[in-house]
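K.L.:
generate coordinates for the sequence data below:
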Amino acid sequence: MAPKPRAATAGAAQGRPASAGQPSQEESQDPPDIGPFVACVKRLAELGAQAGGSLRSLPADETDLRPVAPTPSRKALAVQLRKHASRDFWLAALAVHAYSIRDLRTRYEELSELGRQQHPSTSSLDDAALQCKMICVNLHVLLETCFNVDAAYGLPCADETSHLLALIRGDSLQVFAAILQTMTCTEAPARHLSTGTSVICALLAQINEIAAVSFTWVRDGDLASAAEWARAMASSSVLDHICRAAIHVQTCVATAQAAAAAASGGGHRQDAERDNQEGLEDLDQANADLAMVTRSIAVVVRAVFDSVAVASSSSSAHAGGGAAGGGRAGLPLPALREQLLTALGSVLRGKGLHFWVVKGLLDTGNAAVVISNRFTAALSEAARQSRAPGAAALVAQMPWPPGQQGAAVPERWMGLPQRQRMLTAGFERVDDDANLADTCRRIGSLFGPLMTRTKGVAAPMLRVIEAFYTFVGTARHLWQATGMKPVVSANQPAGAAGSSNSSSSGASSGTRVAVGGSGAAAAAGGKSAVVRRPFNVAHVCAAVGHGLEVITGTCLMVQDLPDSPFAYRAEVGRSVQLLCQLAMRLRGREAVRLLGTVWTCGALVQKLMAASMLAGCILTAAELEESVVPALEAMGDLLLHKYDKEKKLKFKGRPSGCGMSLDCALHSRAIFQLRASLRETLAPPSSRAASGGMPGRVRVALTDCFLRRSCALPALLTYGHPEELGGLLVMLRQAMFVSDAPAGGPGPGGSRAPSAPAGGGVQEQMVWLLVQLLEQVAAVCFHAPPPPRPAWKKGPKGGAAAAAAEDGSAAARLTDSAKRDMPAESLQQLWAAAQPGNGAADAAAVARENATRLPVFAVLQLLPAVIHSGRVAELSEANKDFTVGLSRVFLAGAVHGLSAMQRATHDTRAASNARAVRNDARRRADELIAMTEANSWSMLLVDQAGMYQWLARALGVSTAKRWPEGHAAALDVLEVLTVTVPEEEFVLWVQLRTGKDAVAAPTGAPASPSVPVIQLGEGWLQQQGRHNLAAALKAKGCHKSAAAGSGGAGGGSTTNPATAAAAVYQLLDDVRWKQHLADLPPLVCPIDAMRGMDVTYNFRPCSFPGCTRVPACQIPGAAPGGEPVTMRCGRCRVESYCGAECQRAHWREGHKVECPRLAKMRTDLEAVAVMMTFGGLGM
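P.N.:
Numbers count the residues shown, from 1 in each chain. You can find the predicted model right below:
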């Protein structure tokens, strides 16, 4: 049996072990006597020296170290040795270690030579295998006692690294590589395959220990010692040899298992005859050892990855320890660091290591397909036979109808030869039934008894999940540390095992790589394991997506059960992060094939995350930051990713102009699942879930990482499904009002606006995030398009420059906070990705209609909710970008209101004599529509969103904080209002002070309700360069001198009417030029957007901004009772409510005044529609 590598090594790779400084149970007792162990080691060293550097001639009982170092006391023995052992003992221990590894090499070569014989002696084979295993056991004892750095970490009386440096400076790693190369070139008998795996485990345990210590050297600044270890690892290529040996032994194990399965008639392992029980147990032990090898290689790669990360980002803080290391090496610190990074990169660039990772992904992904089918079929049958509560619900979640469980799912091997494929039997064990029964008894509840009836299929399912996530984690660290594309060949030239430090370069590489070398080819009958095509990025992406889709789908079926071991875990998020990063490196045609799988995995992971959180199985805060956030960021980065020549790739259903990745995300229901995940975070926490604020943090992560950071909301509003996007907008609106505490008091329909959390809580973050989303919508969908590409710029370079300039102008309208942490590609695609194509297909027509309606619907849903959230005052005081961004959102709406007013008052249609009557009627209809649109924008901005109050606050805060950008944004809005709002209404809101108060800066809204909320000084406006605004305000009668008292405004204009009109027209010309009024995109008005969603899609969300009913909208096709139905207001028949509580609250907050105005707007629009339909005006 192979010795297990110590679990503490993985912890040591992260820093000081958890046990350091805390006495264990063994340390709290009397310390063990080190005398017998010291005497035994010294005696073996003397005998080995007398025998010429070997212990082979000694009997096995004399070389066995276990009697003098029992397993329970090895840790305490290691501590005492570090404290009290002499220099002579350490020299003896190093000598015994050197003798042992040389003897292991000799013994394994003898075993390999016997294996090559046609009729080897069974006793000779057994004796050679036993000798190899005994040496492995002794090496493990030495590791746990003499070279156990973790056990005595930080002891001041010992040199912690001198004996490890002695191992590195010797030829230990070269001997390791020679043993592994011998193993790769031979094929051991089936009965002794576990011997090879035992040897690999023993050697890998030594490397594990030194790798963990090397990370400590790098972290503490001892770069000389770390570089010495890295150079030794790179020169010996021992990690690459380990991977090749593991692949070769795994191939031999698969061959033996296939032969055993054929001998038993192809039945399952549990049904096979036990006439060859010893051989089956040896295969089981070999598979268990290979699983341990997988975990150990992952630990070594993680240690090297951490060392690369620390060395790359090391600063002068590490120069103290590094100076000493540099002195020993005779090199300055920068040169030493460069040598270290070069050597570490060489360690991770072995082709054998990369091929082992890709093959592991293929093995586990395809095994997951087969084992998942068996597991779900067995679990479904067990649930049907069970009478326990919840069993029927589990049957309903199964993906197949009764009688069709276990339907075949195609496996994807990417051209991997049949001989190198790992069988599903590699994840099965003989004693699975007994071990699973013990586990299920500990689990209890419903899931335990059901798993007991699965007849040993659940344990392999858990093993394949663990193995898959281990390979995914190794792949992430490997490719991130080396900066390489995951492109490896499945073949390698014979004899190149020791010099594999360069990577394969691209999908077209024709390098032939033989995994087993010439010996493996001879053992296979002269045929080398050849793959005609290499593994490129597409193959790896398909392998990860294939396994992740199957595993996540299986976990979703059973994770709702109590105590299910299939809930969300950190590795799930890391897997989808790797998958998205691979997808961004695909070529265009490869992306067409694989993006559907990638986004299906993304949707499944979102669903699993939300369901696990709802069941109380969500991660900790640290794991949320390390797993969920990077996964969501990776999915967001992929949304607007552009592939080379993707416009030339045509496929059915894709609207012209829509990005390929965005279209696949929409068709894979990833956006629908985003809405569903937000809905789960808004639900009150269940009795089993101790939320601890986790739903709110997940809510912020979904909004920030997936939506804001991706810049995808404008594009989604253009190409998304309106009912899905409407539901998403309602979820975002509700997120500003739902607290993480369990709801108390009234039912879910009431307004539950909680108090602001101390120090800036989730609700403040959501309000700010939604303002940033509104900034994106306003910058892309409301403003004039960027200037067209100059005609003189031709060619691909000119086109790229013009596209960057266009998108840069759209991104320039965003505040710095709105652009924080955004990828450059997303900012470049911000405007272009949201523009609908000009195609004549139905999909393109729907996209153009969405581009005119959904952006307005988004502002209608989010802007009033932001103002009514109760967080605006504190956020505007604390954040300049919040103040500027919200003012720019108001500006976008005000400009479109001005555009509608201009169409109402300046109709330019010319009427001919022959059609004078008809043209006059059409002109009146157009004026009525334009006036209704202007009134609708005014109602949204002034009555529902409180624009004047916000402008007063923005001007006051910007003055107090000295924010010139805040002044400019607010005054831009005021300029638009000055030329839009009638004089009699405008003087009630704005007052221009003259005389001695002319230079006074704005101070915010006054306390008296009888005074206009916006108080401006004429001199102050002129100081800001707004001369035309000051003149226009004076012309409209807003001026008031200091001698006029504290009453209202001047009561009307006292200047010449012609002069006043000229001042207003001058400001209007400025606004037209500044806001590009003639080039504004066509948008419907707010009331038309609301009615369009109602009439076309039967989508009527609750109109009360503070509604927290989850969800507060009606979705077509929803299950009965799943979605509350909203009812229209009986008077205006425009607003809708989910209940009487929301209707009464909205009535008190302003709908009482708005209701008759909305009714008039609705009747006017209906009258115009009748005139155009039956009066012939639409011709």
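
K.L.:
show me the contacts for D1079.
P.N.:
Counting by CB atoms under 8 Å, 6 or more residues apart in numbering, D1079 makes contact with 784-785. The way it works is simple: take the backbone N, C-alpha and C, and place the C-beta from them, glycine included.

K.L.:
backbone dihedrals for it, please?
P.N.:
Backbone geometry at D1079, expressed as degrees, to the nearest 10, gives phi -110, psi 10.

K.L.:
count of residues packed around R593?
P.N.:
12 (other CB atoms under 10 Å).

K.L.:
distance of the residue nearest to it when sequence neighbours are not counted from R412?
P.N.:
What sits nearest to R593 in space, not counting adjacent residues and going by CB to CB, 6 or more residues apart in numbering, is A538, at 7.7 Å. Going from A538 to R412 by CB to CB, to the nearest Å gives 11 Å.

K.L.:
and these two? which has more neighbours close in?
P.N.:
A538 (21 against 17).

K.L.:
correct me if wrong: that one contacts R587.
P.N.:
Yes - the criterion here is CB atoms under 8 Å, and A538 meets it with R587 at 7.4 Å.

K.L.:
ok so, going back, who does the helix or strand harbouring the residue nearest to R593 touch, helix- and strand-wise?
P.N.:
Counting by DSSP states H and E, the element that carries A538 is helix 537-558. Applying 3 or more CB pairs under 8 Å, 6 or more residues apart in numbering; DSSP states H and E, we find helix 537-558 packed against helix 351-385, helix 391-397, helix 458-482, helix 570-583, helix 588-614.

K.L.:
among these, which comes closest to A812?
P.N.:
helix 570-583 (27.9 Å; CB to CB).

K.L.:
and that closest one, what does it pack against?
P.N.:
helix 458-482, helix 537-558, helix 588-614, helix 629-639.

K.L.:
what's the following helix or strand after the last one?
P.N.:
It stands for helix 629-639. Per DSSP H and E, the helix or strand that comes after helix 629-639 is helix 660-667.

K.L.:
what helices or strands is that next one leaning on?
P.N.:
helix 588-614, helix 629-639, helix 713-719.

K.L.:
let me see the mean pLDDT of the longest one.
P.N.:
The pLDDT scores in helix 588-614 average 87.

K.L.:
show residues contacting the helix or strand just after that helix.
P.N.:
For helix 588-614, the following helix or strand on the C-terminal side (DSSP H and E) is helix 621-623. Residues from elsewhere that reach helix 621-623, judged by CB under 8 Å, 6+ apart: 570, 694, 697.

K.L.:
need the contact list for A291.
P.N.:
A291 sits in contact with 463, 467, where contact means CB under 8 Å, 6+ apart.

K.L.:
can you list the helices and strands packed on helix 570-583 in a markdown table and add distance to H119?
P.N.:
Converted to a markdown table, those look like this (distance: least, CB to CB, whole Å):
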| stretch | distance to H119 |
| --- | --- |
| helix 458-482 | 36 |
| helix 537-558 | 42 |
| helix 588-614 | 51 |
| helix 629-639 | 57 |
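
K.L.:
nearest approach to S899 belongs to which of those?
P.N.:
When those are compared (using CB to CB), the closest one is helix 629-639, at 30.8 Å.

K.L.:
okay, the angle between that closest one and helix 660-667?
P.N.:
110 degrees (axes from the mean of the first three to the mean of the last three CA atoms, to 10 degrees).

K.L.:
which neighbouring elements make contact with helix 629-639?
P.N.:
helix 570-583, helix 588-614, helix 660-667, helix 824-828.

K.L.:
quick check, central residue of the protein?
P.N.:
Closest residue to the average C-alpha location of the chain: A631 at 0.7 Å, with CA atoms, centre = their mean.

K.L.:
from L702, how far off is that residue?
P.N.:
Per CB to CB, A631 is found 11 Å from L702.

K.L.:
same question for Q420.
P.N.:
From Q420 over to L702 the distance is 41 Å, taken as CB to CB.
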